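Student: requesting a structural model of the entry that follows:
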Amino acid sequence: MGRADSEKEPLMPSYTRTTKIDVDQDTAYAYLSKAENLPEYFPRITEVTRKNGSEVNTTAVIEPPGEPEQKVHGTAWFKTDDDARKVEWGSEGSNHYHGELDFDPDGDDASTLRLTLSTESDHPGIEESIDETLATISAKLTEGS
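Tutor: As a prediction, the model looks like this:
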């Protein structure tokens, strides 16, 4: 028999932000669907190398509270869905971090980009980091158009 609703595992906190970008959906997806471009718009990621299938190796710089800056290496996954124009990524570390980007057309030459992050850890500044990422994506895409 299934578990009662009150016994379900708690949901991870999710943070969602949207922004309008002055680039069509296809152009935005073509750029953002390449894992190798992550260091260009995610502030802490410095390197991404594709492995097999959806698996990628990542290098990032983190600043734990009260500790010096640290370079960390990890394995993550990065998946794309061309039909849905969706990008998903994540890692299975202690915080079960994952995120997704999806796009909606907003006229002929614009898109609405939605970025959602879910994590078991509550990091100070996560919402500001998402805003920074969206601003960087917008700048990168509009400078290239």
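
Student: so how far is I45 from A28?
Tutor: 19 Å (CB to CB, to the nearest Å). For glycine as for every other residue, the C-beta is placed from the backbone atoms N, C-alpha and C.

Student: of the two, who's got more company?
Tutor: The neighbour count for A28 versus I45, taken as other CB atoms under 10 Å, is higher for A28 (24 against 17).

Student: part of a strand, is the more buried one?
Tutor: No. Applying DSSP: H, G, I helix; E, B strand; the rest coil, one finds A28 to be helix, outside a strand.

Student: list the contacts for it?
Tutor: Applying CB atoms under 8 Å, 6 or more residues apart in numbering to A28 gives the contacts I21, F103, S111, L113, I137, L141.

Student: quickly list what the fourth one is bridged to.
Tutor: Beta-bridge partners recorded for L113 (DSSP bridges): T19, F103.

Student: correct me if wrong: it contacts V23.
Tutor: No. Contact between L113 and V23 fails when scored by CB atoms under 8 Å: they sit 9.2 Å apart.

Student: my guess is M12 contacts H96, does it?
Tutor: Yes. Taking contacts as CB under 8 Å, M12 lies within contact range of H96: 6.6 Å.

Student: now for these two: what residues contact both?
Tutor: In contact with both M12 and H96: S118, T119, E120, using CB under 8 Å, 6+ apart.

Student: type out the ChimeraX command that picks the buried ones from those residues.
Tutor: Selecting only the buried entries of the shared contacts of M12 and H96 in ChimeraX, with 16 or more other CB atoms under 10 Å as the criterion:
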select :118,119
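
Student: as CSV, the shared contacts of M12 and H96 with secondary structure, pLDDT and distance to V56 would be great.
Tutor: Below are these laid out as CSV (DSSP: H, G, I helix; E, B strand; the rest coil; pLDDT from 0 to 100; distance: CB to CB, whole Å):
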residue, secondary structure, pLDDT, distance to V56
S118, strand, 89, 18
T119, coil, 82, 18
E120, coil, 78, 21
